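>>> can you look at this prediction? I've put the sequence above it.
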Amino acid sequence: MFEIIKVNAVNKLIKSVLLIAAILLLRKSFNRKSIKYANKIMWSLLFVYLINPFGLQINIENASYGPILDACFSFIKQLNEYTELLLIKFSNVLYLKKRLIAAILFLIYLIFTAIETNKALRSANKVNNLDINEYISSFNLKRRVDVLINDKLETPVSYGFFKPKIILQTYILKDDIMLKNVIYHEMMHIKKCDILLNYFKYMLACFYWYNLFVLLALKYIDEDLEILCDKLVINKMGGSNLVKRDYLETMFKLSTVENKNVNKFVSELNPTLERMRIMSSYRITKLGVLSLALVFILSLNSFAYFNVEPDDKVVSSVKALDEGSKLLSDRVEVIDKDEYEEINKMSDNLIALRKIDIKDYDILDGLESRTYKFNMFSSDTTYHNGFTIKLSEMSCSSGLNYEIMIQENERVIYDETFDKETILKVKANQDNEYKVVIMNKQGKKLKYNIQINSYVR
């Protein structure tokens, strides 16, 4: 019933859009009424989904489970069909090689930008202040944190992971309350390794540059991390109304300043009115916590891929398949020569781009078998999601009696015996591995030609 499958980046496109849309719709409510880490949990779930190359396929028998479940399974089946059509359109343009070339170019640009930013930030003077040292030591970090002054920047920033640094301005040193709030805020970013998350976030954006929703999410991830940092700082400083008031005053003073000389490879304290509103009204409610739990559980469906089996489909492993049994599937169909020729009417260029093109003439001894293995994955061709098997010029002195078994990954999806030449059309999945086994069931030699070609359904 359950099967681990490989899922490529383009296949994640549609589900990632739905997951991001759900987070964007609810993030404001989570920031105001749910636990502090609510949005960080949801964004982390998105990150795990995008970098995880595997998914859980759930095979559901097409039986009757009642009107409600039957309607759900019917919807799932139709959704799978529409999703596959969209994936074919995207995959036929976004080959893996194309995606990687663009991703590498974006990555080189980001690395160059980060290096240039770090060079600019190094032109600062080190600060030695007893109050600052006390604030830093209260976080009990093993990493040494240096504090620098750079008036070329308008607002405080922090950068660096192994050797973190905080950049302040002279006007902040003149305000004791602002100084404490700023140091606590930047130290919280450093303690929570937010700068590392920033690096990872932009690297992920490089590899998903074609997903506009991922790029849109970057802005809101930054804002939610800042809101979480605000909450944690206020909580560390005692959480009293006086602490909250002083912190909001600091945010208000800094909100009028816009830093134009840094990019997002640093953690920048530049508050917005939205953050101030959230800090002034934030409280955890039962509804907020329950909403987070419900959305999180529903979002786990992003990792699941439902497959509604046909009525006559029997799911079986190779080892469990008894000799002589038959396994039929609506994904495999016997076709005639006319349909076969129609499928294979392709231009010379498309034939050259075929992922699978197996041609073989073979002789099987009595009761012998032969296995043909191939993978539907392709980095530089169109989305191949089907293949044909043509057996011709067959002869056996005692008459034809042979078996064709098709295995997808670790599952047998088709097993049938034939007494004449045949042509099969198979619905396949792009990233799966397949085995086609020809078994001679006679005691005499079997001669045959086999041709296996992939195509775009």
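That came through, no problem.
>>> C-alpha only now, for contacts and for neighbours.
Will do.
>>> now stretch 279-289: average pLDDT?
For stretch 279-289, mean pLDDT rounds to 88.
>>> can you list contacts of it?
S29, F30, N31, R32, K33, S34, I35, I227, D230, K231, K244, L248 (C-alpha atoms under 8 Å, 6 or more residues apart in numbering).
>>> most surrounded residue in those residues?
D230 (27 neighbours; other C-alpha atoms under 10 Å).
>>> contact partners for that one?
Contacts here follow C-alpha under 8 Å, 6+ apart; on that basis D230 touches H185, M279.
>>> and it, that's in a strand?
No: D230 sits outside any strand when classified using DSSP: H, G, I helix; E, B strand; the rest coil, being helix.
>>> quick one: it and A103, what's the gap?
D230 sits 33 Å away from A103, going by C-alpha to C-alpha, to the nearest Å.
>>> in strands, which of the contacts of stretch 279-289 appear?
Using DSSP state E, no member of those falls in strands.
>>> lowest-confidence helix or strand of this structure?
strand 316-317 (a mean of 36; mean pLDDT, DSSP states H and E).
>>> format the contacts of stretch 279-289 as a markdown table; extra columns: distance to Q451 and pLDDT.
Shown next, in a markdown table, are the contacts of stretch 279-289 (distance: C-alpha to C-alpha, whole Å; pLDDT from 0 to 100):
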| residue | distance to Q451 | pLDDT |
| --- | --- | --- |
| S29 | 58 | 91 |
| F30 | 57 | 92 |
| N31 | 59 | 91 |
| R32 | 62 | 91 |
| K33 | 62 | 91 |
| S34 | 60 | 92 |
| I35 | 60 | 93 |
| I227 | 61 | 91 |
| D230 | 65 | 90 |
| K231 | 65 | 92 |
| K244 | 74 | 87 |
| L248 | 73 | 86 |
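>>> ok, of the residues you listed, which one's closest to K445?
Of all the contacts of stretch 279-289, F30 has the smallest distance to K445: 70.4 Å, by C-alpha to C-alpha.
>>> isn't that closest one up against K40?
No: counting by C-alpha atoms under 8 Å, F30 stays clear of K40, with 10.1 Å between them.
>>> name the helix or strand for the most centrally placed residue in the chain, please.
With distances taken as C-alpha atoms, centre = their mean, the residue of the chain nearest its centroid is L50 (1.9 Å). Assigned by DSSP states H and E, L50 falls within helix 38-51.
>>> which residues outside that helix are in contact with it?
Around helix 38-51, the neighbours that count as contacts under C-alpha under 8 Å, 6+ apart are 9, 12, 16, 19-20, 23, 27, 30-31, 221, 224-225, 292, 296, 302-303.
>>> which members of these are positioned in strands?
Going by DSSP E, the strands hold none of those.
>>> let's see which of those residues end up in helices.
12, 16, 19-20, 23, 27, 30-31, 221, 224-225, 292, 296 (DSSP state H).
>>> with that, I have no additional questions.
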